[in-house]
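Trainee: Coordinates for the following, if possible.
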Amino acid sequence: MHTPFAGVLLLPDSPVLGSTSAVTTGDGLPVATIRRRVWSSRRRFEILDAAGTSLLATGSQAGMWGNKYELMGPQSEFLLSLKFSGWTGPTGRGVVSLPDGRTLATRGNWTAREFTMTDEAGTPVAELHTRGGVFALGRNLAFELRTPMLSIVQAIGLAQSVRAAVESATAAAA
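Mentor: Here you go, the predicted model:
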């Protein structure tokens, strides 16, 4: 769970009457469970093991304006942070900071349905796609990691942070 990973992760939206959803690899192997804190004002979520019993990480909104998200390990160790521009939010550019000092640049499209991550050299390393129709109620995500720069836990946390940022921006615009 904490070794670098390359491949596809599928992150379904939580069911209407639930707060948890299973994360699987592209071939259907369960790897983790996301538990969302539905009534949290800071868009909190937890990443648990596939059985849903062991805490792997927690994430939440860290900035006052809703443009920064942090992922912490179970012992409060820093795993990553995601910060979007205050002007464009998740539809524009953002920066992912990793514990070893490396950064990734993010870029969202105007519909907030596609995100690209690039390394410091500008090489694409990952893509996050929203699966389903434009007017679909849920936000099922497919996260394709082309190079092993993130662990599974970091990748899930990054995808969930992007999802939370989009939901926050959508709620603020309503």
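Trainee: ok, now which ones touch the nearest residue to Arg37 once chain neighbours are set aside?
Mentor: Nearest residue to Arg37 in three dimensions, chain neighbours excluded: Arg44, at 3.9 Å (Cβ to Cβ, 6 or more residues apart in numbering). Heads up, the C-betas are built off the backbone N, CA and C, glycines and all. Neighbouring residues of Arg44 by Cβ atoms under 8 Å, 6 or more residues apart in numbering: 36-37, 58-61.
Trainee: so where do the helices sit in this structure?
Mentor: 152-173 (DSSP state H).
Trainee: Which strand runs longest in it?
Mentor: In the chain, with assignment by DSSP state E, the single longest strand is strand 140-151.
Trainee: in its sheet, what does it sit against?
Mentor: strand 4-11 (antiparallel), strand 124-131 (antiparallel) (DSSP bridges).
Trainee: in that strand, what counts as buried?
Mentor: Of the residues in strand 140-151, 141-145, 149-151 count as buried by neighbour count, 16 or more other Cβ atoms under 10 Å.
Trainee: now, among those, which is nearest to Ala50?
Mentor: Ser151 (14.9 Å; Cβ to Cβ).
Trainee: Identify the residue nearest that closest one in space, chain neighbours excluded?
Mentor: Leaving aside its sequence neighbours, Ser151 sits nearest to His2 (Cβ to Cβ, 6+ apart; 4.7 Å).
Trainee: Now for Arg131: which residues touch it?
Mentor: Counting by Cβ under 8 Å, 6+ apart, Arg131 makes contact with 140-142.
Trainee: beta partners for it?
Mentor: Per DSSP bridges, the residues bridged to Arg131 are Asn140.
Trainee: where's it relative to Leu11, distance?
Mentor: Here Arg131 is placed at a distance of 9 Å from Leu11 (Cβ to Cβ, to the nearest Å).
Trainee: okay, and the common contacts of those two?
Mentor: Counting by Cβ under 8 Å, 6+ apart, the contacts common to Arg131 and Leu11 are 140-142.
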